[in-house]
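Novice: Here you go, sequence then predicted model.
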Amino acid sequence: MTFGRPLMLPNINLGPMPQIIDEEYLTSDPMQPDGSQPADVPATCAYFVFVVRLSNLTADILRYEAASIIYAKVAIDSFEKITLFIR
């Protein structure tokens, strides 16, 4: 995770998240229905998918926080300019 630091890479949407299915349960024939992970077998790729989801969530939070800080600075600067103009 980023520990509140800015992200090194921008959050680019590269398409849908991968399904949480291990490789041995995928189908290679496009005419067959999609494979599925058995309910009693945990997927080994689940950790990766959830880390990516959490990273996207962290990016959204940091982006919102940065925008809030910028907006607050602009609002303070505008207020100071208005008060100087009124005097």
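Specialist: Looks like it came in fine. Numbering: from 1, shown residues only.

Novice: shaky segments in this protein?
Specialist: 1-14, 70-87 (pLDDT under 70).

Novice: which stretches of it form helices?
Specialist: With DSSP state H, the ranges of helices along the chain come out as 46-86.

Novice: ok, residue 55 to residue 68 distance?
Specialist: Residue 55 sits 20 Å away from residue 68, going by Cβ to Cβ, to the nearest Å. The C-beta positions use only the backbone N, C-alpha and C, and glycine is treated the same way.

Novice: neighbour-wise, which of the two wins?
Specialist: residue 55 (15 against 10; other Cβ atoms under 10 Å).

Novice: contacting residues for residue 17?
Specialist: Contact partners of residue 17, counting by Cβ atoms under 8 Å, 6 or more residues apart in numbering, are 49, 52-53.

Novice: how about it, phi and psi?
Specialist: Dihedral pair for residue 17: phi -70, psi 150, per degrees, to the nearest 10.

Novice: how much space is there between it and residue 40?
Specialist: According to Cβ to Cβ, residue 17 and residue 40 sit 23 Å apart.

Novice: same deal with residue 48?
Specialist: 21 Å.

Novice: Compare these two and say which is more crowded by neighbours.
Specialist: residue 48 (13 against 5).

Novice: What is the neighbour count of the closest residue to the more buried one other than its chain neighbours?
Specialist: Closest residue in space to residue 48, ignoring its immediate chain neighbours: residue 18 at 7.9 Å, by Cβ to Cβ, 6 or more residues apart in numbering. Residue crowding around residue 18 was assessed by other Cβ under 10 Å; the count is 10.

Novice: dump the residue contacts of residue 18.
Specialist: Residue 18 touches 45, 48-49, counting by Cβ under 8 Å, 6+ apart.

Novice: same check, this time on residue 20
Specialist: 37, 43, 45-46, 49.

Novice: Tabulate these (TSV), appending distance to residue 22 and neighbour count.
Specialist: Putting those into TSV (distance: Cβ to Cβ, whole Å; neighbours: other Cβ atoms under 10 Å) gives the following:
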residue	distance to residue 22	neighbour count
37	6	17
43	5	16
45	7	14
46	9	13
49	12	14
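
Novice: Pick the one among the residues you listed closest to residue 23.
Specialist: Taking Cβ to Cβ as the measure, residue 23 lies nearest residue 45 of the contacts of residue 20, at 8.3 Å.
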